[in-house]
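Student: need the 3D shape of this:
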Amino acid sequence: MSNQDQRKAMIQAIKDALMVEIKGQQLYSHAATTATDPEVKAMFQMLANDEESHVKMLEAQFKPLMEEGKINLEGFHPAELDHGSQGIIPDGFKKSIKRGDFEMAVIGIGCNLEVQAISHYKSKAKNIDDPDLKQLFTWLADWEEDHLTQLRELESLYQDAYWADQGFSPM
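Tutor: Numbering: from 1, shown residues only. Prediction:
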């Protein structure tokens with residue numbers, strides 16, 4: 001692959017990653033503005049903020065990629081860019097969980113988005129030759145796995161509450 005072709009592939013990889021992150025950010029932002037429970041609102045806002053930090057990091061890679069043909073991860077510290085591993089489900093929220101069709105739907109869609117993002121990032125990390133871009137996609141995959149773990153826990157809590165409301169609990 002020529003340098004020009006490699007550069008085009010890297011640009012497309014960043015663009016694709018941006019679309020993945022923007023979709024998640026928009027979903028969670030909308031959920032945060034629509035939710036009425038303050039705990040739910042805060043949880044969705046935290047997810048939206050994480051996705052927004054991913055968007056900003058990806059956007060910051062365009063300039064060095066366009067000017068130098070490579071990305072620049074200098075100054076990026078993964079622990080400062082994502083807070084998903086700290087847990088997105090507040091304890092107060094877990095205690096007050098009840099059947100909420102809207103929240104259940106957003107969480108289900110969020111799980112699907114996170115699964116797609118993880119698959120996308122792992123595939124890109126595996127197939128990209130550039131070590132910095134490979135690192136970037138590895139970070140993104142790890143962050144989205146943290147989000148997915150939390151969302152699946154929340155999805156399970158909602159499903160348990162739903163089944164209890166329907167008289168199918170305890171099972």
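
Student: ok, the nearest residue to Leu18 once chain neighbours are set aside - how many residues close by?
Tutor: Distances taken as Cβ to Cβ, 6 or more residues apart in numbering place Leu58 nearest to Leu18, at 4.9 Å, with adjacent residues excluded. Glycine gets a C-beta too; all of them are placed from N, C-alpha and C. Number of residues near Leu58 (other Cβ atoms under 10 Å) recorded here: 22.

Student: buried ones in stretch 49-64?
Tutor: Of the residues in stretch 49-64, Asn49, Asp50, Glu51, Glu52, Ser53, His54, Val55, Met57, Leu58, Gln61 count as buried by neighbour count, 16 or more other Cβ atoms under 10 Å.

Student: and the gap between the residue nearest to Leu18 and Gln25?
Tutor: 11 Å (Cβ to Cβ, to the nearest Å).

Student: mind listing what Ile11 touches?
Tutor: Phe62, Leu65, Met66 (Cβ atoms under 8 Å, 6 or more residues apart in numbering).

Student: now swap in Asp130 and tell me
Tutor: Here Asp130 is in contact with Gln6, Met10, Lys70, Ile71 (Cβ under 8 Å, 6+ apart).

Student: buried subset of those?
Tutor: Buried members of those, scored by 16+ other Cβ under 10 Å, are Met10, Lys70, Ile71.

Student: and the gap between the second one and Ile109?
Tutor: Right, Lys70. 35 Å.

Student: okay, now Glu144: neighbour count?
Tutor: Using other Cβ under 10 Å: Glu144 sits among 28 other residues.

Student: one more: the one 5 residues further on?
Tutor: Residues contacting Thr149 under the criterion other Cβ under 10 Å number 15.

Student: element containing it?
Tutor: helix 131-165 (DSSP states H and E).

Student: that helix: which residues count as buried?
Tutor: 132-133, 135-148, 150-151, 154-155, 158, 161-162.

Student: can you name every helix or strand that it contacts?
Tutor: helix 3-34, helix 38-60, helix 78-81, helix 101-127 (3 or more Cβ pairs under 8 Å, 6 or more residues apart in numbering; DSSP states H and E).

Student: out of these, which comes closest to Gly167?
Tutor: Smallest distance to Gly167 across those (Cβ to Cβ): 17.7 Å, for helix 101-127.

Student: and the closest one, how far out from the chain's middle?
Tutor: Mean-position distance between helix 101-127 and its chain equals 7 Å (Cα atoms, centre = their mean, to the nearest Å).

Student: any idea which helix or strand in the chain has the lowest mean pLDDT?
Tutor: helix 91-95 (a mean of 58; mean pLDDT, DSSP states H and E).
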